[in-house]
Structure formats: C-alpha cells, structure tokens
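>>> Only the shape, not the letters, is given here:
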C-alpha cells in the first residue's frame, strides 16, 4: 500500500507567549491518500491557513507528528525541508504571485530552475521546458507564454500559477483560495482546469476555501472550527 501523501497526528500551533498567546491549532489529525482531493472549509481565523503553512513546511508545529509523501517532516533541517517542498509539493495561492519581470513561461519554469540551482535535481532544463509548455497548452494560454504578467488578465495569470505548481510533477498540491481573487465566471473556469490537471497528474490536493460550491467538487470535505479539524 502506498504511503499517504499527508499524515498529521496531534498537530498543535500557538502564536505568542503568556496571556496574549493564541492557540491556532488544537490537535489536528489528518490523513490524505495519494491522488485524493480534500477541501477544508472554515471561517477566517479558524486555523485553515496555518494548517496549510505547516503542511507546506513554511512553519513548524509546536507539537505533534507530520509525515509528507512518506517522509517524517517535523524535524527536518531547512535544506531538507526545501528539498521536500521542491520535489514533492506545488503551491497555489489566492493571488497569482507571479514575478513581474519574467514572462509567463519563465514564471512557470521557476520551480524547476530553483531545483537545478540548488542541486536538488539533475533533470535537464529542456525536459522541464517541454513540460511547462505542455501545461500552458493544456490550460489554453500557450500563445501567451512570452508575455509578461502585466500583459495578461487575472484568469490567465492564475492559470499560469496552476502550471507553475505542477511543473515539478508534485505528489501534493496545496491550494489556498486559488480562485478567491477572480470573478465567478473566471474562477469556475480556472478551478475546473485546476481540478482536471491535478487529477491527470495524480497529485493529492488540499484545498483551503470559503467557497462551498468549489468544496463540493472534492472527494472529502473537512471543516476547521476553532483549531480543530472535523
């Protein structure tokens, strides 16, 4: 049996100290299988984004165990955390976060470039370029590959962000309100492309959202309430 994409047990996180401290996560347990699509719903301040930051190794839990893609992750040093993020994870955020001085294609290729620059991969640059171009084609924006973000629409930029998240063929994609900055029509189209491509690539997905209709497209819907996942 394949290792789970995510396995969290008793994960807790508190910010601050003393009487002003805020306990954001109060013992989260979560198991996500390879290729599974999970949606996490909850109000602002419930701990959804904090959980995503911990799963993305952008922060560390105060307590609990965390395993990602079959590897114990709670106590990894920074280089191994960076390696695991780059090799196994893709990220999509509410705002596209594209670098304005690079074209769409160059933005999509950025995770692959970083991997090579840091010695995290020996994959030829040409192979990553082919994969990036195919992703842009599958998202209907290949003709915009040479344009800069300022020359494209919000929906086009967010499609490029989806391609960037998938260019390193991640086993796990973490998405924080990926269509929250788009109007309903564009958001629905980008979300449909996002779901289709992650399915095609076999990636597990954890989607944090306020959008109930989007959450219904997931295999499972979980709710975060006052730092507890139900």
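Arrived safely. Please read these numbers as outputs of a predicted model, since none were measured by experiment.
>>> for the chain, which residue is closest to the average position?
By CA atoms, centre = their mean, the mean C-alpha position of the chain lies nearest to residue 174, the distance being 2.2 Å.
>>> Please look at it and residue 90 and confirm they touch.
Yes. With contact defined as CB atoms under 8 Å, residue 174 counts as touching residue 90 (7.4 Å). Bear in mind the C-beta positions are built from the backbone N, C-alpha and C, glycine included.
>>> Let me know the helix or strand that residue 84 is in.
Per DSSP states H and E, residue 84 falls inside helix 78-88.
>>> That helix: what's the following helix or strand?
Per DSSP H and E, helix 78-88 leads on to strand 89-92 as the next helix or strand towards the C-terminus.
>>> circling back to that earlier point, can you verify the residue nearest to the centre of the chain is assigned to a strand?
Yes. Residue 174: assigned to a strand according to DSSP: H, G, I helix; E, B strand; the rest coil.
>>> which residues does it contact?
By CB atoms under 8 Å, 6 or more residues apart in numbering, the contact set of residue 174 is 52, 55-56, 89-92, 205-206, 208.
>>> just residue 30 next, same as before
By CB under 8 Å, 6+ apart, the contact list for residue 30 reads 6-8, 11, 51, 222, 229.
>>> out of these, which is most surrounded?
Comparing those by number of neighbours (other CB atoms under 10 Å), residue 51 comes first, having 28 neighbours.
>>> ok and the helix or strand harbouring it relative to strand 172-176, angle-wise?
Using DSSP H and E, residue 51 sits in helix 48-55. Going by axes from the mean of the first three to the mean of the last three CA atoms, to 10 degrees, helix 48-55 is angled at 150 degrees with respect to strand 172-176.
>>> Helix 48-55: which residues count as buried?
For helix 48-55, a neighbour-count test (16 or more other CB atoms under 10 Å) marks 48-52, 54-55 as buried.
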